[in-house]
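K.L.:
sequence unknown, structure follows:
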């Protein structure tokens, strides 16, 4: 991407992410034969949360929520500005590390369990995203996202295995069923998020929109220069993730890590090997 | 000028050690600081003035002195073996003696200089004297908390300082004969310092470290034997110039020996045992400097190996250790053991990159050697502070340490972050590592998997330390003896500053050291922007990540006003909250399988050495 369009996207990222989140809620509801909230519901939530009485458990915890949001925005900026894909993934880890530190810093079992599970979720998805970065490098000779957007033949076809691998780990990244152990509302009540409220929860809420945009923008990469194809693929994955979220039950962390790493890592590796041979 | 500085850096520490040992009690602290400062200034000056490789020939009598010292050391090991009734040590000492005798018998005098100061050596001096010097200073404070007599404390610090000279010499030795002596001297240092506390555990650990490192010495001697057998001069520079198969055979033995010094699996147990020693020993020998001999040897011979089956074997071995070490560390509970295993793991990564041996991979390896050295030294020093001031050794005892020791916990966090997060040097090293190893798909998989496991490991420990504070968190910085806070803070500031200046740091510190023997890494910088052939790291990303991390400690100290405080949600129940963490017990068979795989790799390298020699 890069250029003016890229920077404009970066600037508007929270807005786009919010709409994306609204779409997801709507879609999810329709799958359950509910009417669902209006598309703009995330923004109504936004204003409501800002209006609430500000409360924190302790100052550092509150600040860490805001740092998490800023870090997520930075990671997204690196991606949308056409930056180095490995650095994109490391920046994303940086953003998440603030939330993990926050989760551990309060005297709440739910929060600390959530932090630990978030770490395990990272173990589940991050190797696959690094694998994808290397796959793009094999095709374009560069680790930069801008080089991927100049590939005339869509990486989707060569990187089929990696695409499937990414789809497998996508629920772990977006905290969706069956890999939503880090959040697990019915069990640990949101995990790392539980002690946030009002303005500070708002930071986390918006960071989640950015996370959505981040994950699906990564999918768009698989279209190469044909960004329409990329968008179509992202739409399909969006549908699929929502469907799976509705249709499955939560797995524990052992199952999550075993499935994601046991299934998608070999798949991606075989795919990489095949690309390497060609 | 360089010649004089070199002599000072090699022989000076021994003299300074004598002065420190003999000094009156009141003067000894300042003298240690002065020695460290002198040595680091000398290294800095040598690094600044260094323009091209400087060869220094030693007078003829030094050869006799080296031989004499060699046999004295082997004799000492033999004596230790006999006295402790340890058959293996006796056997290995006899074997070393016989092999050394044979090598010396066949040795022909070659007109080459014993010491060649290249930029790589000068750069590593910065690490040895900078980090080592600070640790010696730290040790002055640390030993006050030990039960040793004052004289014995001074002896301890003196040994640490003398050891710096050994390491300085080792990194510039061109004569393999001299290198062997220095290698054996580091074995001796390990043995003495691990056994320092004189209890049963120390005795067992030191003997274990001794025989394993002796085995390393035997392998070095075998490598020397191969070279002598061919009638070639016993010098690294000559070895690097020869293209024939036997040179690779010799390299395989030399590397195998060095890998033991780097505690690569299945020889990881000696480094773990080394944790019984006083913490400065772990900080200096067993994490930041001495164990770096393993990647250093591969780095030095990497160009010779490039593209051979031997390079493939060593690279996969390193990659395997990187992942396996991190997994084993996950199951550990003692902070020093966790740090030890993550050291073994990261050494594996450095070995792997050195064996890949493209200019970019070598640059990544050196970056990791330096920044891991700084970070691990600081982490061990903090482990020592937590142990001495807060009596916490295992992670279980560190739950909620933040409320008691915010400064120490902050520095531990900084050390962990510097290895796992951008824009710190070690992470940038890993980033370069992936870009450099991406050509071979499977090697990169090790890097991807290993880095994530290390991140999981560090954040797990860090999180546990943050555990307890709860709503009453008003942090007041604890009082730490100045010698502890100054030394660790200096390392912390180095990490933080080098992070924002990472682009110039790589271009002016790493590239000049690698360029002379492996030109073409194509690392460049424009202001703060770092440019690699396969991707850039723009300044705004570096500054952005750096500022976010900088805000963290500031946020820790700044209290929010006009924001109400609430208690945590507990479902309406009164619960006594204890910090919780996950344990990842590694089944015994996995640990054993890892040792066996390591042993197979190790055997393969030695076997390749034999095959290449014969072929």
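P.N.:
All right, it came through fine. Please read these numbers as outputs of a predicted model, since none were measured by experiment. Residues are numbered from 1 along each chain as shown, chains lettered A, B, ... in the order given.
K.L.:
Contacts only, for residue B:341.
P.N.:
Residue B:341 makes contact with B:268, B:272, B:325, B:326, B:328, B:329, B:332 under the criterion C-beta atoms under 8 Å, 6 or more residues apart in numbering or on different chains. Backbone N, C-alpha and C define where each C-beta goes, glycine included.
K.L.:
what's the closest non-adjacent residue to the fourth one?
P.N.:
Ranked by C-beta to C-beta, 6 or more residues apart in numbering or on different chains and with sequence neighbours excluded, the top spatial neighbour of residue B:326 is residue B:453, at 3.9 Å.
K.L.:
going on from the longest helix seen in chain B, what's the next piece of helix or strand?
P.N.:
Identified as the longest helix of chain B according to DSSP state H is helix B:359-390. Counting by DSSP states H and E, the next helix or strand C-terminal to helix B:359-390 is helix B:401-404.
K.L.:
average model confidence for that following helix?
P.N.:
For helix B:401-404, mean pLDDT rounds to 78.
K.L.:
tell me the contacts of the residue nearest to the spatial centre of chain B?
P.N.:
Computing the C-alpha centroid of chain B and ranking residues by C-alpha atoms, centre = their mean puts residue B:288 first, at 3.2 Å. For residue B:288, the contacting residues are B:127, B:131, B:132, B:135, B:372, B:373, B:374, B:376, B:377, B:380, by C-beta under 8 Å, 6+ apart.
K.L.:
Can you list phi and psi of it for me?
P.N.:
With angles defined as degrees, to the nearest 10, residue B:288 sits at phi -100, psi -30.
K.L.:
Residue B:117 touches residue B:56, doesn't it?
P.N.:
Yes: if you go by C-beta atoms under 8 Å, residue B:117 and residue B:56 touch, sitting 7.0 Å apart.
K.L.:
any residues in contact with both of these two?
P.N.:
residue B:6.
K.L.:
chain center to stretch B:56-64, what's the gap?
P.N.:
Distance, stretch centre to chain centre, for stretch B:56-64: 30 Å (C-alpha atoms, centre = their mean, to the nearest Å).
K.L.:
in it, what counts as buried?
P.N.:
Using 16 or more other C-beta atoms under 10 Å in any protein chain shown as the test for burial, stretch B:56-64 gives B:56, B:63.
K.L.:
Can you get me the start-to-end distance on that stretch?
P.N.:
17 Å (C-alpha to C-alpha, to the nearest Å).
K.L.:
and residue B:55, that one's in a strand?
P.N.:
Yes: assessed by DSSP: H, G, I helix; E, B strand; the rest coil, residue B:55 belongs to a strand.
K.L.:
Is it in contact with residue B:172, as I believe?
P.N.:
No: with contact defined as C-beta under 8 Å, residue B:55 does not reach residue B:172; the gap is 10.1 Å.
K.L.:
Quick check on the two: which one has the bigger neighbour count.
P.N.:
Shown here are residue B:55 and residue B:172; by other C-beta atoms under 10 Å in any protein chain shown, residue B:172 has more neighbours (25 against 14).
K.L.:
Could you check how far that one is from chain A?
P.N.:
Applying C-beta to the nearest C-beta, to the nearest Å, the value for residue B:172 to chain A is 35 Å.
K.L.:
that's a strand at residue B:148, yeah?
P.N.:
No: applying three-state DSSP, one finds residue B:148 to be coil, outside a strand.
K.L.:
Other residues contacting stretch A:90-102?
P.N.:
A:60-61, A:64-65, A:67-68, A:70-72, A:74-75, A:78, A:115, A:118-119, A:122, A:126, A:192, A:204, A:207, A:214, B:413, B:417, B:420-422, B:427, B:431, B:455, B:459, B:462-463, B:466, B:541, B:545, B:548-549, B:552.
K.L.:
Stretch A:39-52 too?
P.N.:
A:18-19, A:21-23, A:25-26, A:38, A:197-199, A:201-202, A:205-206, A:209.
K.L.:
burial of residue 101, as a residue count?
P.N.:
Chain wasn't specified; assuming chain A. 23.
K.L.:
Wait, chain B was what I had in mind.
P.N.:
Residue B:101, neighbours per other C-beta under 10 Å, totals 14.
K.L.:
Secondary structure element holding the spatially closest residue to residue B:357 that is not a sequence neighbour?
P.N.:
Nearest residue to residue B:357 in three dimensions, chain neighbours excluded: residue B:302, at 3.6 Å (C-beta to C-beta, 6+ apart). Assigned by DSSP H and E, residue B:302 falls within helix B:293-305.
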